[in-house]
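> Got a sequence here, can you build the structure:
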Amino acid sequence: MTFFELTKETWPWYIAGTLIGLMIPLLLLTDNKHLGISSTMRDFCAFVLPKPSGYFKYNLKEHAWRNIFVLGVLAGGAISALIHSDKSIYAVSDKTVADLSELGLTDFSGLVPKEIFNWSMLLSIKGLLFIVLGGFLVGFGTRYANGCTSGHTIMGLSLLSPASIIATLGFFAGGLFTTHILFPIIL
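Numbering: from 1, shown residues only. As a prediction, the model looks like this:
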C-alpha cells in the first residue's frame, strides 16, 4: 500500500492519538516549546498591528514556529479535503445522529447540523446565541484560562500542570452542560 492510498483511509484513533502525543516530547526536546493553537492568535494580532504594545508586544521571530505549525495544520486540512473528495468518510456516528434527531435536528449532510450552523441562522436569536455568543465565550475562556484545549489538554496534562487539569475539567464540564442541559432547552 502506498502512502497516497493510506491517506485515503480514515486512520484509527490510536494511530492519530499516538502521533499527536509524540509531538509533545519532540517539542520539549527541541528548545522546550509548548504546543498550543490559541497563542497563534496573539502572534497574528501582534503581526498586523502597526505598533504593538502591552499584551501584543513581544518578539515575533521567537514564536515563528507556532505560525508555521498552524499553517501546517491549515495546509493539512486543505490537502485532506482535496484528497477526500468523497465526504462520506467524515460520517457522524449513528448514536450522535439519533441523539440530535431527538432534539429536532434532521439535516446531517455536512459535518455540523445545517439547522444551527448556516448563514440565515446567524441573524436569528438562536443563531446569535450559538454562533456569536458561543464564539465570544470560547475566545474569552481561552484567554481567561491562558490557553485552549490543545494547549491545556494535550500539552498541559502531559506536564501534569495543575492549571491544565482544572482547565481540562472545565472544558469537559462545559461540553457536558451544553450538550445535555443547554441544547435541549435552546433547541
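
> which residues in this protein form helices?
3-7, 13-29, 39-48, 64-83, 94-102, 119-122, 125-127, 134-144, 149, 157-158, 162-177, 183-186 (DSSP state H).

> Point out the most buried one among the ones you listed.
Sort these by mean neighbour count, taking mean count of other CB atoms under 10 Å, and helix 149 sits at the top with a mean of 19. Glycine gets a C-beta too; all of them are placed from N, C-alpha and C.

> hang on, the earlier thing: may I see the helices of the chain arranged in CSV, with distance to residue 111 as well?
Output for these, formatted as CSV (distance: least, CB to CB, whole Å):
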stretch, distance to residue 111
helix 3-7, 19
helix 13-29, 17
helix 39-48, 22
helix 64-83, 11
helix 94-102, 11
helix 119-122, 15
helix 125-127, 18
helix 134-144, 16
helix 149, 18
helix 157-158, 26
helix 162-177, 17
helix 183-186, 17
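
> how about the ones you listed in JSON lines, adding mean pLDDT?
What follows is these, written out as JSON lines (pLDDT from 0 to 100):
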{"stretch": "helix 3-7", "mean pLDDT": "59"}
{"stretch": "helix 13-29", "mean pLDDT": "86"}
{"stretch": "helix 39-48", "mean pLDDT": "77"}
{"stretch": "helix 64-83", "mean pLDDT": "84"}
{"stretch": "helix 94-102", "mean pLDDT": "86"}
{"stretch": "helix 119-122", "mean pLDDT": "80"}
{"stretch": "helix 125-127", "mean pLDDT": "80"}
{"stretch": "helix 134-144", "mean pLDDT": "83"}
{"stretch": "helix 149", "mean pLDDT": "83"}
{"stretch": "helix 157-158", "mean pLDDT": "87"}
{"stretch": "helix 162-177", "mean pLDDT": "91"}
{"stretch": "helix 183-186", "mean pLDDT": "80"}
